[in-house]
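S.K.: Return atomic coordinates for the entry below.
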Amino acid sequence: MVTSASTAEIFVVDESELGIGNLLVQTGKLSARDLERAIAAGDELRGRLSEVLVQLGLVSEVDVTQARSVLLGLTFVTADNFPATSPDVEGLQLPFLRSHRVLPIAREADWLDVVMADPQDRFVLKALRLATGLEIRPFLGMASDIDKAFAQRDADGGLDSAGGQEDVDSGDFVEHLKDLASEAPVIRLVNTIVGRVTDVRASDIHLEPFENGLHVRYRIDGVLQEADLLPVKQGAAVVSRIKLLAHIDIAERRLPQDGRIRTRVKGRELDLRISTVPTVHGESVVMRVLDRASVRLSLEEMAMDSITLSAFRSLLARPHGIFLVTGPTGAGKTTTLYAGLAELDSSVQKIITVEDPVEYQFAGIAQMQVHPQIGLTFASALRSILRQDPDIIMIGEMRDGETAQIAVQAALTGHLVLSTLHTNTAASAVIRMRDMGVERYLITSTVIGVVAQRLVRTLCNECKEAQVPDAGMLRSTGLDRFLPQGAPLFRPRGCAACRNTGYKGRAGLFELMLVNDAMRQGILEGCDGSVLQELAVSSGMVTLYEDGLRKVSQGLTTYEEVLRATESEDNG
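M.R.: Residues are numbered from 1 along each chain as shown. Predicted structure coming up:
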């Protein structure tokens, strides 16, 4: 048995726990160095070695439970195999079952099958046998699965009353929430919710309170998918736990708040941007996930075609001007700018960025994060960094007229400025700048190019199916320009690799508008967005829709995905 020298009563690594750690090392789930780190960290984190390994994000709860099942020789039962209802056995008390994580799953004549988080607990096994008069046959389950099963049954059957909060004053209720948020089951549940993002490749976690409980949903490849339903009481504790981790005021439940959590999940560094807003049923929380390991810093990996890529790189090579990337929230604009920055040589150029927040750190690039609460806005930061003698400036977002005016001045004085705008098309970026108060002649003098982009889900290569499309469909959609007659298109089918969606991963659709003489004349004449778009197309610009059709013909995505991403545009 391994113990801490001075605090043996706090952290103990018994032989079975060490056996789990060693088995995880042998199976390649864990490195020997990480096992040593977990043992060393045990005094601070206080828990069994297996719990510490999960808390540190070194392995998943599934990995630990599978290893324990091998060592104990017990069957591992997952939540998918839990019965919809537990057998009714006289003598069993729900509080006892819940606190010791024991879930009855089947009853035979003289036997009771139970799923347990700790089937080695002889006290619990003896208590169950005495209370029921039955022989107990234990199976192994994950603690989070058992907690979730009880929570689901609470939501369905109202096993516990949610009352009592009305009789507690506000201060006591906040302390009550803090206590709940610090309990081990809530900590484990939040760790499970966050830890799942790496397995399902989620970009956002949505916790949405409704009358029947807290709904947990994940945004996977741009589409929200339902995951869990937590009872009202447990939902409040989960939200409070997240607010504590994000250093958000737990007592403030009437105003929106923002925060940030940096954590490690299964060996990967994750940044979570937290946003809370009050609703009629409680606080809604959205956690935007930034997985640094998954950021693609290659324009080719984003599926930018060769012609657009060549023009994109030529704009990055320009000595001065404004280069904009546009699109709605979540379209990958910042990632595209990051990919562009990754191609620049910071050893011979001074590159400074102003972001909110700094999502990815580059060697050799000075990056500044805005803090509006202390007066450090995009505009004020931009004013300051112009005195830092930069060659290239990246502005995370051009939000207001003041920022736009300073960006124009920076471009006029010999700087290359990269930024993003929230517009639907490349041409409408010009209209947006006019709306922000930038004069037309300044736009023509500074803006050198605009990229509009969207993200579409890509077909799963494991299960996509080929089919020869109808000739009428090809003509009506315009695919006949890109697909030879008789050539197949691909459609989604669904398999285990893509979680039965038919899609896995995302790729970009791009339209790149170069500001040439014809565009400058149109801007000076005050043409609207549709006219400017026509001028760009007549100058050779490939629209988002056409780029999507190309990717459909290449078997990368489907026409339905392209239509979903570009349906607000003129697809004719």
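
S.K.: my read: residue 255 touches residue 275, true?
M.R.: No: with contacts counted by CB atoms under 8 Å, residue 255 stays clear of residue 275, the gap being 12.0 Å. Glycine gets a C-beta too; all of them are placed from N, C-alpha and C.

S.K.: who has more neighbours, those two?
M.R.: residue 275 (16 against 9; other CB atoms under 10 Å).

S.K.: right, and the more buried one touches residue 283 too?
M.R.: No: when contacts are counted by CB under 8 Å, residue 275 is not listed as touching residue 283 (10.2 Å).

S.K.: Dump stretch 126-137 to PDB, keeping only the CA atoms.
M.R.: Provided in PDB are the C-alpha atoms of stretch 126-137 (Å, rounded to 0.1, in the frame of the first residue of the first chain):
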ATOM      1  CA  LYS A 126     -24.100  -7.200   3.700                       C
ATOM      2  CA  ALA A 127     -26.700  -4.400   4.200                       C
ATOM      3  CA  LEU A 128     -28.400  -5.300   1.000                       C
ATOM      4  CA  ARG A 129     -28.500  -9.000   1.900                       C
ATOM      5  CA  LEU A 130     -30.000  -8.300   5.300                       C
ATOM      6  CA  ALA A 131     -32.500  -5.800   4.100                       C
ATOM      7  CA  THR A 132     -33.900  -8.000   1.300                       C
ATOM      8  CA  GLY A 133     -33.200 -11.500   2.500                       C
ATOM      9  CA  LEU A 134     -31.800 -12.200  -1.000                       C
ATOM     10  CA  GLU A 135     -28.400 -13.200  -2.300                       C
ATOM     11  CA  ILE A 136     -26.800 -10.200  -4.000                       C
ATOM     12  CA  ARG A 137     -25.100 -10.600  -7.400                       C
END
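
S.K.: Now find how far off-centre that stretch is within its chain.
M.R.: Distance of stretch 126-137 from its chain centroid, counting by CA atoms, centre = their mean, to the nearest Å, is 45 Å.

S.K.: quick one: buried residues of that stretch?
M.R.: 127, 128, 131, 132, 134, 136 (16 or more other CB atoms under 10 Å).

S.K.: Then stretch 494-509?
M.R.: 498, 499, 501, 502, 503, 504, 505, 506, 507, 508, 509.

S.K.: same deal with stretch 332-349?
M.R.: Counting neighbours by 16+ other CB under 10 Å, stretch 332-349 gives 332-342, 344, 346 as buried.

S.K.: Residue 374: which of the buried residues of stretch 126-137 is nearest?
M.R.: Minimum distance to residue 374 across the buried residues of stretch 126-137 is 57.0 Å, recorded for residue 127 (CB to CB).

S.K.: List phi and psi for the residue nearest to that closest one when sequence neighbours are not counted.
M.R.: Once flanking residues are discounted, residue 127 sits nearest to residue 96: 7.3 Å by CB to CB, 6 or more residues apart in numbering. Main-chain torsions, residue 96, degrees, to the nearest 10: phi -60, psi -50.

S.K.: Check the gap between residue 96 and residue 280 for me.
M.R.: Residue 96 sits 36 Å away from residue 280, taking CB to CB, to the nearest Å as the criterion.

S.K.: how much space between the residue nearest in space to the middle of the chain and residue 360?
M.R.: What sits nearest the mean C-alpha location of the chain, by CA atoms, centre = their mean, is residue 203, with 2.2 Å. From residue 203 over to residue 360 the distance is 14 Å, taken as CB to CB.
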